[in-house]
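**Student:** Predicted model follows, preceded by the sequence.
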Amino acid sequence: SPFYQADAEVKREKLYKGLEEKYKDYPVKFDRNKVQEFLNNNPDYFTKYGINAYENAYHDISTEDYSEIRAKEKEEIKEQIRKEVEEEIRTKGQAGNMGFGDLGSQPINPTGKAPFYDEQRMEDDPEYRDQVIADMERRNK
């Protein structure tokens, strides 16, 4: 029955073109050969999904590829954000809006305590000590 076979080929071609058009903007491109190979290996898709077997096969094939693409995109976005934050911290641009504004503004203290308070002056000067305590309380809120 060459007539029916030719008719089936025309319909399959039309179906493929429709699916290619439908998924042309998707991250995972519609690949006829992969879909046909998948359906040849899984003929039960036709009994399970009927005419939608081609589309469901595409979805099942592309799921893994799409997950990999999304994971890669997420990593790229994280890396880009990290670089932008580091640049803002270095240039003191918009970092203040993100809560990083005073990271480099305190004097460097060799003991690792920040901000730097003169401990000897704290013992000798009660007014300075009160200022420091008030400053510490303000920072801890």
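**Tutor:** Looks like it arrived, so ask away. Numbers count the residues shown, from 1 in each chain.
**Student:** packing partners for the helix or strand containing Glu37?
**Tutor:** Using DSSP states H and E, Glu37 maps to helix 32-41. The elements that helix 32-41 packs onto, with contact taken as 3 or more Cβ pairs under 8 Å, 6 or more residues apart in numbering; DSSP states H and E, are helix 2-22, helix 44-49, helix 53-91. C-beta here means a position set from N, CA and C on the backbone, and glycine is covered the same way.
**Student:** and it, what's its mean pLDDT?
**Tutor:** The predicted model assigns helix 32-41 a mean pLDDT of 87.
**Student:** Let me know the angle separating that helix from helix 53-91.
**Tutor:** Relative orientation of helix 32-41 versus helix 53-91 (axes from the mean of the first three to the mean of the last three Cα atoms, to 10 degrees): 130 degrees.
**Student:** sorry, back to before: wait, which of the helices and strands packed on helix 32-41 is closest to Glu137?
**Tutor:** Smallest distance to Glu137 across these (Cβ to Cβ): 26.5 Å, for helix 53-91.
**Student:** Packing partners of the closest one?
**Tutor:** Judged by 3+ Cβ pairs under 8 Å, 6+ apart, the packing partners of helix 53-91 are helix 2-22, helix 32-41, helix 44-49.
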